[in-house]
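>>> Below are the sequence and a predicted model for it; my questions follow.
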Amino acid sequence: MSTESNQIEKFKKMKYDITRFMLIYKFALDEMETKIEILKQEFQSLHDYSPIEHTKSRIKSLESIMNKMLRKNHEFSLTAVKDSIKDIAGLRITCSFISDIYQVSEMLQKQDDLKILAVKDYIKNPKPNGYQSLHLLVEVPVFMSDCQELVCVEVQIRTIAMDFWASLEHKIFYKYQQSVPESMTRELKHAADSAYALDLQMERLHREIKEIKDAQDEEDTDDELRRIIINNQQFTLPANFIKLLAE
């Protein structure tokens, strides 16, 4: 085989390996998003409330991965990348309340097919700049045609206020090319404190409203108890069904 043919074969092999490598991270994110959607629909159907507002996922570009490997002075091989970079696949879960964050985290940690590699609580221990979020490093099994791959996904869980602050902080940081004036750094930290104070206030209101709702639920009529709503479709149980279950 000629030198040119060898180079072509090597290129084809490299392209295949990189494509497969990136695909397993996409599939891992697909698995996680399916899990989150199941939890979201379960809570919405059974409790008329979901702790999950919305999700957003992303996979690092090859350019970003290469730059990170260069900054770490690591060799560039797919094995080294997998071992060194744990946030190639990222999933952000936004919740309404702080208590929702820990509830979602607990539900994910209880799933037997997921392995929790690390937990970083930047809510109880915020970063110096004011950043708050709960981070989980989760190992997800992905079943390919010829084997099982264990893929690391970084899950960030935060409130709407935390997400709003983090998004704006990132834009400001990027605009100033990471050289943010000290006065602006103080302002950002103050804004983070204000966002957290708002979260605490909304958490208290949420708790008080829930207590009122729970008290009202105890006064529900039999007709209301007999109604079941699944996927926006209402079903009514037979009049004697509840009594039969209670016997």
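Structure received.

>>> Okay, helices next: where are they in this structure?
In the chain, the segments counted as helices under DSSP state H are 3-47, 62-71, 78-84, 98-109, 160-175, 182-217, 222-225, 241-246.

>>> what's the most buried one of those?
helix 98-109 (a mean of 18; mean count of other C-beta atoms under 10 Å). The way it works is simple: take the backbone N, C-alpha and C, and place the C-beta from them, glycine included.

>>> That one versus helix 160-175: what angle between them?
For helix 98-109 against helix 160-175, the angle by axes from the mean of the first three to the mean of the last three C-alpha atoms, to 10 degrees is 90 degrees.

>>> Show me what helix 98-109 is packed up against.
Packing contacts for helix 98-109, counted by 3 or more C-beta pairs under 8 Å, 6 or more residues apart in numbering; DSSP states H and E, involve helix 3-47, strand 89-95, strand 115-121, strand 134-143, strand 148-159, helix 182-217.

>>> that older thread, could you export the helices of the chain as CSV, including mean pLDDT?
Converted to CSV, the helices of the chain look like this (pLDDT from 0 to 100):
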stretch, mean pLDDT
helix 3-47, 90
helix 62-71, 90
helix 78-84, 92
helix 98-109, 96
helix 160-175, 88
helix 182-217, 87
helix 222-225, 58
helix 241-246, 56
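
>>> For N129, which of those helices is the nearest?
Closest to N129 of those, according to C-beta to C-beta: helix 182-217, at 6.2 Å.

>>> just to revisit the earlier point, nearest to Q234, out of the helices and strands packed on helix 98-109?
Q234 lies closest to helix 3-47 among the helices and strands packed on helix 98-109, at 11.7 Å (C-beta to C-beta).

>>> Can you tell me which of the helices and strands packed on helix 98-109 is nearest to S61?
S61 sits nearest to helix 3-47 of all these, at 9.5 Å, using C-beta to C-beta.

>>> So which elements touch the closest one?
Judged by 3+ C-beta pairs under 8 Å, 6+ apart, the packing partners of helix 3-47 are strand 52-59, helix 78-84, strand 89-95, helix 98-109, strand 134-143, strand 148-159.

>>> if you set the cut-off to 6 Å instead, what comes out?
For helix 3-47, the packing partners by 3 or more C-beta pairs under 6 Å, 6 or more residues apart in numbering; DSSP states H and E come out as strand 52-59, strand 89-95, strand 134-143, strand 148-159.

>>> circling back to that earlier point, can you put the helices of the chain in a markdown table and add distance to S145?
Shown next, in a markdown table, are these (distance: least, C-beta to C-beta, whole Å):
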| stretch | distance to S145 |
| --- | --- |
| helix 3-47 | 10 |
| helix 62-71 | 23 |
| helix 78-84 | 18 |
| helix 98-109 | 27 |
| helix 160-175 | 37 |
| helix 182-217 | 45 |
| helix 222-225 | 48 |
| helix 241-246 | 46 |
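
>>> And those: which comes nearest V153?
Closest to V153 of these is helix 3-47 (C-beta to C-beta; 5.2 Å).

>>> what's the spacing between that closest one and its chain's center?
16 Å (C-alpha atoms, centre = their mean, to the nearest Å).

>>> And S45, how far from L39?
Between S45 and L39 the computed distance is 11 Å (C-beta to C-beta, to the nearest Å).

>>> picking up where we left off before, need the helices and strands packed on helix 3-47 in CSV (columns: mean neighbour count, distance to N67 and mean pLDDT).
What follows is the helices and strands packed on helix 3-47, written out as CSV (neighbours: other C-beta atoms under 10 Å; distance: least, C-beta to C-beta, whole Å; pLDDT from 0 to 100):
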stretch, mean neighbour count, distance to N67, mean pLDDT
strand 52-59, 16, 15, 95
strand 89-95, 22, 16, 97
strand 134-143, 18, 21, 97
strand 148-159, 21, 17, 97
